[in-house]
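A.B. asks: my questions are about this predicted structure, shown below with the sequence.
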Amino acid sequence: MAGVEIPTVGTPAGMRKINQRAVLDLLRRSGPATRPQVAKDTGLSKPTVSQALLALEAAGLARPTGQTSTGTGRSAVLYEADPTAGYVLGVDIGREHLRVAVSDLGRTLVARRDERNTARSGAALVTAVGKIAAAAVAEAGLSAGDIVVRVVGSPGVADPDKRCFRHAPNLPGWGRAGLIDDLEAALGPDLMVENDANLTAVGEWESGAARGASVFGCITIGTGVGMGMMVDGRVFRGATGAAGEIGYLPYGRTRAADEPGTPPARGHLEEATAAQSVVQGARELGLGTAKSAREVFRLAREGDELARRAVETEADRLAYTVASVAAVIDPELIVLGGGMGTAADLLLEPIDRALRAFTPLVPKVVQGELGEDAVLTGAISVGLRAAEGLVFERRVGAA
């Protein structure tokens, strides 16, 4: 930015900045610590640590948080990274729901809002998202200026050129050019957009069923079908960001055979495995009362034979999905998320049985641990990583 002097590495100002960031990162990673503890863990001298803590406290990035005994009768001041130095907004946009959360830099949620998505156009959905986000920020007692980063999780793939989402047929109008600009206008600056399945994978990797996994896929099944893949702690996106759009895998007779040259808006595998297909399958078996996948699963748990058969059919299709993924990325783990993940108690055993019947590539398949909070958890995690750097640069530069 014009008029701002940026210290370079090797200059006294640059070294002070590096030291301050090292101290702040330690406090964020390890929690409250005394000056001697910080010096020991960072390898910096005690005078350098003292100067860094003073600067961080003046910038509102660190604060005293109590005292601890040194063992000789004297006490030492404990310092912590100030969690109120900034806030992150996470947004989960689904066909049936809108979920929003606000977190401080210490990962404490200070507000949460959940609403039904009743919008039936892109413009109406943008307006609804803006309203629920503003309500959450106000609920937290914050202003828009307190939010450092906003992260939106949505079906589809963000198109950086047209500023819209491709491959999101369940959200009408979501492919309109300039839609992401409208979202930014409604939510505020420093907006990050990400595929919801990718954020689910991030959430499960950081604090859910995929902790410690080096190569895994998180398959989300609800209104639509998608997958987030992570390799060595990083989301794998592919050449255009569409890696994991498994709803477009061919399944059975492809529509292209009937309509040559016309790509489907909704993928063949998605039509075969998404929640509505469970309902349709149950009705075809004679379970005419089924109105939702959740109801089919409930009836199966209660022992209804037709519902049980519908669940078995869904498990076979999911096994096909897992086998297709396993042959390409060789994951050590597959996590079932989305609405269908709540039925893992019914699905995991028949999925494993079907997998072993037609492929030697059988990854471990587990239920996601985060449930409906998975996208928001991932969004907050992604936002915090970005916000920590932004807050430091802004406050240290201004201090």
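C.D. replies: It's in.
A.B. asks: end to end on stretch 335-350, go ahead and measure it.
C.D. replies: End-to-end span of stretch 335-350 (CA to CA, to the nearest Å): 15 Å.
A.B. asks: for it, give the mean pLDDT please.
C.D. replies: Averaged over stretch 335-350, pLDDT sits at 90.
A.B. asks: report the buried residues of it.
C.D. replies: Residues of stretch 335-350 classed as buried: 335-344, 346-348, 350 (neighbour count, 16 or more other CB atoms under 10 Å). C-beta coordinates here come from the backbone N, C-alpha and C atoms, glycine included.
A.B. asks: same thing with stretch 18-33?
C.D. replies: Across stretch 18-33, burial judged by 16+ other CB under 10 Å covers Asn19, Gln20, Arg21, Ala22, Val23, Leu24, Leu26, Leu27, Arg28, Pro32, Ala33.
A.B. asks: could you pull out the strands in this protein for me?
C.D. replies: Ranges of strands within the chain are 62-69, 75-81, 87-93, 97-104, 109-116, 147-154, 157-159, 164-166, 191-195, 215-221, 225-231, 234-235, 333-337, 364-367, based on DSSP state E.
A.B. asks: can you add distance to Gly208 and give the ones you listed back as TSV?
C.D. replies: Formatted as TSV, those follow (distance: least, CB to CB, whole Å):
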stretch	distance to Gly208
strand 62-69	29
strand 75-81	24
strand 87-93	15
strand 97-104	16
strand 109-116	16
strand 147-154	15
strand 157-159	23
strand 164-166	25
strand 191-195	17
strand 215-221	9
strand 225-231	12
strand 234-235	15
strand 333-337	7
strand 364-367	10
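A.B. asks: of the ones you listed, which approaches Gly267 most closely?
C.D. replies: In terms of CB to CB, the element of the strands of the chain nearest to Gly267 is strand 225-231, at 7.3 Å.
A.B. asks: now do stretch 356-364: distance from first to last residue.
C.D. replies: End-to-end distance of stretch 356-364: 11 Å, with CA to CA as the criterion.
A.B. asks: average pLDDT for it?
C.D. replies: Stretch 356-364 carries an average pLDDT of 93.
A.B. asks: can you redo the buried residues of stretch 18-33 as TSV with distance to His167?
C.D. replies: As requested, these are arranged in TSV below (distance: CB to CB, whole Å):
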residue	distance to His167
Asn19	46
Gln20	43
Arg21	39
Ala22	42
Val23	44
Leu24	39
Leu26	42
Leu27	41
Arg28	36
Pro32	45
Ala33	46
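A.B. asks: now, which of these sits nearest Lys364?
C.D. replies: Using CB to CB, Arg28 comes nearest to Lys364 of those, at 32.4 Å.
A.B. asks: OK, contacts around Asn170?
C.D. replies: Arg95, Pro155, Thr223, Gly224, Arg266 (CB atoms under 8 Å, 6 or more residues apart in numbering).
A.B. asks: how about stretch 173-192: buried residues?
C.D. replies: 173-176, 179-180, 182-184, 186-188, 190-192.
A.B. asks: equivalent analysis for stretch 143-150, please.
C.D. replies: Quick answer for stretch 143-150 (16+ other CB under 10 Å): Asp146, Ile147, Val148, Val149, Arg150.
A.B. asks: show me the buried residues of stretch 335-350 that map onto helices.
C.D. replies: If you go by DSSP state H, the buried residues of stretch 335-350 have Ala344, Leu346, Leu347, Leu348, Pro350 in helices.
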